[in-house]
Structure formats: C-alpha cells, structure tokens
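Novice: Quick check, what structure comes out for this input:
(one chain, ligands or ions: 1)
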Amino acid sequence: MLHTPHAPTSRPRASSRRLRAALLASAVSVCLVAASAPPVPLGVGDRLFPHLGNPGYDVAAYDLSFTYSGKNDEPLKAVTTIDARTTADLDRFNLDFAHGKVESVEVDGAPASFTPVGEDLVVTPVDALEEGERMRITVRHSSDPVPPKKREGGWVRTADGLAMANQADAAHLVFPCNDHPSDKALFTIRVTAPDGHTAVASGAPADVDRAGGTTTWTYRTRHPMATELAQVSIGRSAVLHRTGPHGLPVRDVVPAEHRAALEPWLTKTPSQITWMESKVGRYPFETYGLLVADTVTGFQLETQTLSLFEKDLFTERAYPRWYVESIMVHELAHQWFGNSVSPHRWSDLWLNEGHATWYEALYAQEKADKPLRARMKAAYGASDGWRAAGGPPAAPKPPEPGSKIGIFRSNIYDGAALVLYALRQEIGSPAFERVERAWVTRHRDATATTADFVRLASEIAGRDLGGFLHPWLYGEKTPPMPGHPDWKPSAAGGARTE
Ligand SMILES: [Zn+2]
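Specialist: Just a heads-up that it's a prediction; the model follows:
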C-alpha cells in the first residue's frame, strides 16, 4: 500500500518540500503542490500506532472538566484546557480526539477553526505560533460514554456509573489530547455530578464544592501522567482510606453495596506496597489504591495512583487467593514500571508488562510457594511460539484491527519476564536488583526506551550487554538460557496467539 505522505504543519517550507518530493515520486499531478496541504492525521512516529500523538508541541498540563447527568449512556459535557509549549513554528496543529462533538476551540483566548480528520482534530489558530511559545488550547466538547462501533476503551460503563480504561490508544475517545505516553503532563480533573454520586480521579483531592443538588470534585496529580493512565470514577461509591508505609495515603473506591465483601482484599494493599518498596525503593506517587468497578472488562488496568479492577476478580470464588493477590501486585508494580517510568514508544511496552509480570511472579513465589523458576521454564517452552505469533518482546507485531487483545500478547508478559530472568541469570541477583532500583530512580517521572535499559544494565554489570540482550529482545528465536542448558523450546509452541 502507498499511504498519503504525512505533511507536518510545523515547518511549512520543509513540509511542502517533503510533500512535493513525495508527490513527484508518486507521479501525482504537481498542481496540487500549489494549494496548501490538506489537513491530515499526524503522529509522533510510533511504529505500532502511527497516528497517536502529534508533532509540534509539548503538553505541560491538562485541565479536564466533566459534567455528568446521572445517566451513564448520555454524553458528558466537557471542557478540556491544554497548556503546551510549541516545539516548532506552527500555523496549525493536531490534537487526538475521535469520539465527541466539538463545540468550540480557542487558542490563547481567541476562537480558532477546527476540522476533524481521521482520529485527529486539526486546529488552526488566527495567528500562527512560533517555536518555543506557550499556548493555551480550550476545547468545549461532549464526551460520549457509549463506545463507537468496533472500538473499545475510553469510558467504561459500570453498574453505577463510569470508570476509564484508556490504554493503549483510547484517551482521545474521552478528551482531546496528545495521546502518546512520550508526552506526559500534569492533570487537574474536575467532575460535577448529581447528589448521590461520588467522583474520584487520579491524583490527590484538591477541592469539593457542593451547590444546588450537584457536587464538583477536583483532583490534581503531583507527578506527570500519560493520557493512557488517567482515571476518573463516577458512581455510587464508598471511598475508603487507610495508611501505607511512611504515612502514604491509601484510597480505595468501591461500589458502596459491595464494600464489606471487598474489604478483606483491600486491607492487603499496604503490605504489598511495603513488599514492592523492599524490592525497588520508594513508591513513586502521592497515593495508591484500588478502583473496583462493577462491570465486566476482562482486564485490570494500572491507572495512575488508582488501579482499575473488575469486581468479579475478588467476588468470584473460582480464583485462588494467591492468584488474586499476585494480580494486585502486578498492577501495583506498574506504578513504578509503566507509570512513573513510561514507555517512549509502544514497542517498549515489554518494559511495563515484563516487570509487572516479574513482580507478580516473585510475589507468588515468596508468599505462596509458586516457584518462579517453574513459571520461567514453562515460559521458555512457549517463547518461540509467542515470538512467532506476536513478535519478539521489544518488537511486537502491530495490533490486528478489531482485536480485543491488540498488542497485549504473551510475548510481552511472561515472554518479557523471561528476558529479565535471563538477565538475572547472566549478571547475578545482586547486580540485577541494582539495575531494577536504578531504573525506577533514574527515569522517575519520565519516559525511557529499550536502549536505555540495555545501557543501564551494561553500566551496572560493568560490561556491554548489548550482544547478550539483543537476541533476547529482538530475536525470532529464544536464545539459550544461561545456567539452564536443559531448557528447550517446546515443539508445540506457535499456536498460542494471546
Ligand atoms: Zn500489566
């Protein structure tokens, strides 16, 4: 296929040069060149999601205001304000936004024109912007909790309201944004809801304002957050407070009617945080807790400071206790791995899921006698099959259109934990543990790449590990496991696609 060449608006001369070259190359009539380039969806160059994020600016802060009617199938009224700094001269720019009506857009207080194109909203301010300028974008829009056809994510409708699940590419179904984890920003989130509802969002509570039958709750993050990790819960909720290590506020949000059944699980969080801190160091955010949603999602999600869990994980008796606890630790571990340290590109997702799976499995080993080595041996057997189905851990295949699993396949879970196991086998536990602690310290509140991880591991091991790690991260076949020459890929591998 030949795609329309991207025509970034950021540098008009460069873009028209690039466009002209592309048009000549494809032998399209050159008279098109004279016209200004039509608005097109843009991206930051993510191999897996080419249209996520946008060039030309860097968001510093989002201010999201939602007004909820009390019915979770009606669009919310919303105002999204974005404070950004331009990183190029711009006569127009794109936001990611794909599911809601836009009423108006202002740039620095002046009305701007806007055109939806694909999953982008192309905004043209009255005055062109220069590189390095601050700009404030205000978008008045609706935010529709009923998902578009063949698309999932964004708002999740629960029995008593709404929650959010934006990973990997759905925040822009909820609010206009630069929807890529490489552009983290501070968030202020305001929700107005009728009396009887409670709203909680990522970050710490900043204000509660009751007036005329409604309440407005305001939350603010103290650390930058990726759009995919934002959480907003609206429901008939109980908000439960307890204290974690060194006075950390722990806040759970649960359907009020299920509070008693959930309480025995919720009490485990403080000691799980203590356990994670003993492995990798201080918890990175201002608060933690579980958002338990009465809905069937089929997944749990590490939304920042407030992880989303489906209620049935805790109330369905079929799940063994050790399994549920290790899943709780998986989402908790993501607060360090994935949230505080975010992937620079979605191909770096193995750094999120490999580490979360690692601590999930380590917790199960230490607390429930489920040997890590046995799990890793099984993963080794399946790894060639996972690589064939989903690509190697650090170069996953693009998501299949319409697939529920998307890029979240076994190659980046146990397949990536296996890479960490191989690294530990190669450099020994003390050095491996130093790598883990240094990783979350060095890249705290930032984004990092697979190359950054290889560099850090090499630095701590005192030798170049590129030659060792590259086949583990990018190879079609699983390399031999150091210390376990008897481990063999299973001949049955290859069928599993999940
Ligand atoms: Zn995970």
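Novice: In three-state terms, how would whichever residue of the stretch 301-450 of the chain sits closest to the ion be classified?
Specialist: The ion sits closest to Ala356 of the stretch 301-450 of the chain, with a gap of 4.2 Å, by Cβ to the ion. (Each C-beta comes from the backbone N, C-alpha and C, glycine too.) Classification of Ala356 using DSSP: H, G, I helix; E, B strand; the rest coil returns helix.
Novice: Run a quick neighbour tally on it.
Specialist: When counting by other Cβ atoms under 10 Å, one arrives at 25 neighbours for Ala356.
Novice: Check Lys149 too.
Specialist: For Lys149, the neighbour count with other Cβ under 10 Å is 4.
Novice: Would you state the strands of the stretch 151-300 of the chain in chain order?
Specialist: For the stretch 151-300 of the chain, applying DSSP state E, counting those that start in this stretch gives strands covering 154-158, 161-165, 186-194, 198-201, 204-211, 214-220, 232-235, 237-243, 249-255, 290-293.
Novice: so which of those comes closest to the ion?
Specialist: Of all those, strand 161-165 sits nearest to the ion, with 12.4 Å by Cβ to the ion.
Novice: is the ion contacted by the closest one?
Specialist: No. Strand 161-165 stays clear of the ion (Cβ under 5 Å from the ion), getting no nearer than 12.4 Å.
Novice: which bits of the stretch 351-498 of the chain sit near the ion?
Specialist: So the stretch 351-498 of the chain meets the ion at 353, 356 (Cβ under 5 Å from the ion).
Novice: again, 8 Å this time
Specialist: Counting by Cβ under 8 Å from the ion, the positions of the stretch 351-498 of the chain adjacent to the ion are 352-353, 356-357, 408, 413.
Novice: Distance of the closest residue to the ion within the stretch 151-300 of the chain relative to Val239?
Specialist: Per Cβ to the ion, Gln300 is where the stretch 151-300 of the chain lies closest to the ion, at 7.6 Å. For Gln300, the distance to Val239 equals 19 Å [Cβ to Cβ, to the nearest Å].
Novice: can you check Glu366 too?
Specialist: From Glu366 to Val239 the distance is 31 Å (Cβ to Cβ).
Novice: Between those two, tell me which one has more neighbours.
Specialist: Taking neighbours as other Cβ under 10 Å, Glu366 and Val239 compare with Val239 leading, 15 against 12.
Novice: In contact with the closest residue to the more buried one other than its chain neighbours, which residues?
Specialist: Excluding the flanking residues, the one nearest Val239 by Cβ to Cβ, 6 or more residues apart in numbering is Val253, at 5.5 Å. Contact analysis of Val253 by Cβ atoms under 8 Å, 6 or more residues apart in numbering lists 198, 200, 233, 235, 237-240, 289-292, 306.
Novice: quick one: pLDDT of Val253?
Specialist: At Val253, the pLDDT value in this model is 98.
Novice: Let me see the domain layout of this structure.
Specialist: Split into domains by automatic domain parsing, the chain comes to 1-38, 41-221, 236-319, 341-474.
Novice: I figured the residue of the stretch 301-450 of the chain closest to the ion was touching Ile327, is that so?
Specialist: No. Between Ala356 and Ile327 there is no contact under Cβ atoms under 8 Å: 9.8 Å.
Novice: contacting residues for the residue of the stretch 301-450 of the chain closest to the ion?
Specialist: Ala356 is in contact with 302, 330-331, 333-334, 337-338, counting by Cβ under 8 Å, 6+ apart.
Novice: Need the buried ones from those selected in PyMOL.
Specialist: Buried members of the contacts of Ala356 can be picked out in PyMOL with the line below, counting by 16 or more other Cβ atoms under 10 Å:
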select buried, resi 302+330+331+333+334+337+338
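Novice: Contacting the ion as well, which ones from the contacts of Ala356?
Specialist: When contact is defined as Cβ under 8 Å from the ion, the contacts of Ala356 meet the ion at 302, 330-331, 334, 338.
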